[in-house]
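# need coordinates for the below:
(one chain, ligands or ions: 1)
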Amino acid sequence: MDKLLIRGGTPLNGTINVSGAKNAALPILAGALLSAEPVIVRNVPQLKDVATTITLLQSMGVEVTFDDKLNVELDASNVTQRRAPYELVKTMRASILVLGPLVARFGEAAVSLPGGCAIGARPVNLHVEGLEAMGAHVVVENGFILARADRLAGAHIVFDTVTVTGTENLMMAAALADGETLLENAAREPEVIDLARFLTSMGANISGAGTSTIRIVGVDRLGGADHTVLPDRIEAGTYLVGAAMTGGKVRLNRASPQTLEAVIVKLQEAGARIVTGEDSIEIDMGGRRPVSVDIRTTPYPGFPTDMQAQFCAMNAVAEGVGTITETIFENRFQHVLELQRMGADIRIEGHTAVCRGVDKLTAAPVMATDLRASAGLVLAGLAAEGDTLVDRIYHVDRGYERIEEKLRQLGADIKRVPN
Ligand code: EPZ
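Take a look at the predicted model:
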């Protein structure tokens, strides 16, 4: 397993491009199953999770071709398999996103239960209950979700909990259902809006995406599309935190500042000077040490849980005491145990991490446990004194395109070392 070797202490300075959003690309690629006509998806990030999704779609009979500019063409005119096997689903929970499109277009699906992961149990009951409300017959046996429906019917669905992929799965299912579907207490994430834009360009009738009430009037069939994926707000936020932790000055191009407002406000609270343009974000820390901030993760437009580990790392080296409360997932403080090995003074009280900033973290061999925890550890390594070795960085590669290249572009002393 590859590792990342990071020599800390250099401020991040320079300019990089933000990649396309992983959490928009995954549902959009799955959405290609909804049409018999080819679709083109542009600005697709080169990530492990994207490769896994494409392998899954190809195993179903979807023809996938790439060009050399991150554009992918998908042709789902000859889907022979309506099944997502455990071998693939266990490596990427977001495979659940093929469930809605398969039932909507083909009336059947067999999707392995994703199972939990490091950050929590990650149930998919709301996905299943929503499909049942739309008339699907669903049984769960031998670890598979088996769903069938002659034709889904529109329904009025109120989510008990805000669920991003639950909203996306049922929005896709409703696009081909008979009649009108109302999704209430729906997720408002920018990635949900991007998926809605993609589906609408295929001919879907969707209104309200980005609000907590989404209305979908089903149509009989969907056509082709040519869609460009929006910038990845979490990747962007991660590099902004890296600049804040190392006292640097970084400019992000191809970014979407309007999707990062909660994060930008917190970075400004931490003492960063931030200037945003139409598609750029520039952060200048001016060599200053960040000031601790209090964070409470909530669904969008609140502070994103996917930025929690990164802010833990920042608070670990900031001036003062900052509290970080995680309200979305029940076990998303794995990175804290590793940060403590680097000298961080963080104590966990229930769902809250109380972080007292230290002057310097000390390098140590650490282990990544999940995607965003590993990002937090990389950032900690950039700020620490000495050489930090981050193990199990396959977690990082799932969600960050060429992370060591982009960090080297910003002046970091980082390299990928084989086991
Ligand atoms: C999406 O996961 C993202 N993944 C996650 O990003 C992100 O952390 C999460 O939303 C929250 O923003 C993708 O978009 C591919 P949820 P998702 O359903 O949809 C509970 C990353 O790092 N819940 O919004 O799986 C659930 O347990 C990843 O890129 C149910 O109880 O998350 C959690 O407590 C990590 N039943 C809460 O809802 C359900 O049926 C929010 O989960 C579904 C969810």
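# skipping adjacent residues, who's closest to residue 80 in space?
residue 61 (4.0 Å; CB to CB, 6 or more residues apart in numbering). Glycine gets a C-beta too; all of them are placed from N, C-alpha and C.
# ok, residue 280 next?
Sequence neighbours aside, residue 253 is the residue nearest to residue 280 in space, at 5.4 Å (criterion: CB to CB, 6+ apart).
# for the stretch 201-350 of the chain, which residues are neighbours of the ligand?
For the stretch 201-350 of the chain, the residues in contact with the ligand (CB under 6 Å from any ligand atom) are 305, 306, 328, 329.
# tell me if I'm right that the first one and residue 329 touch.
Yes - counting by CB atoms under 8 Å, residue 305 does reach residue 329; the two are 6.3 Å apart.
# in the residues of the stretch 201-350 of the chain next to the ligand, find the pair that's most separated.
Across those, the longest distance by CB to CB is 10.0 Å; it joins 306 and 329.
# among those two, which residue is more densely surrounded?
Legend: neighbour count by other CB atoms under 10 Å for residue 306 and residue 329, higher for residue 306 (22 against 18).
# isn't that one up against residue 373?
No - using CB under 8 Å, residue 306 makes no contact with residue 373, being 10.7 Å away.
# residues in contact with the residue nearest to residue 80?
Counting by CB atoms under 8 Å, 6 or more residues apart in numbering, residue 61 touches 76, 78, 79, 80, 81.
# quick check: phi and psi at the nearest residue to the second one once chain neighbours are set aside.
This means residue 78. Nearest residue to residue 78 in three dimensions, chain neighbours excluded: residue 61, at 5.2 Å (CB to CB, 6+ apart). Backbone torsions of residue 61, given as degrees, to the nearest 10, read phi 110, psi 0.
# follow-up on the earlier one: I'd like to know how far the residue nearest to residue 280 sits from residue 312.
Separation of residue 253 from residue 312 (CB to CB, to the nearest Å) stands at 27 Å.
# got it, and residue 365?
From residue 365 across to residue 312, the span is 19 Å (CB to CB).
# so for these two, which sits in the more crowded spot?
Neighbours were counted for residue 365 and for residue 312 using other CB under 10 Å; residue 312 has more, 28 against 13.
# surely the more buried one forms part of a strand?
No - assigned with DSSP: H, G, I helix; E, B strand; the rest coil, residue 312 falls outside any strand and is helix.
# helix or strand right after the worst-scoring helix or strand of the chain on mean pLDDT?
None of the helices or strands of the chain scores lower by mean pLDDT, DSSP states H and E than helix 86-89, at a mean of 90. Note on helix 86-89: by DSSP states H and E, the next helix or strand toward the C-terminus is helix 99-106.
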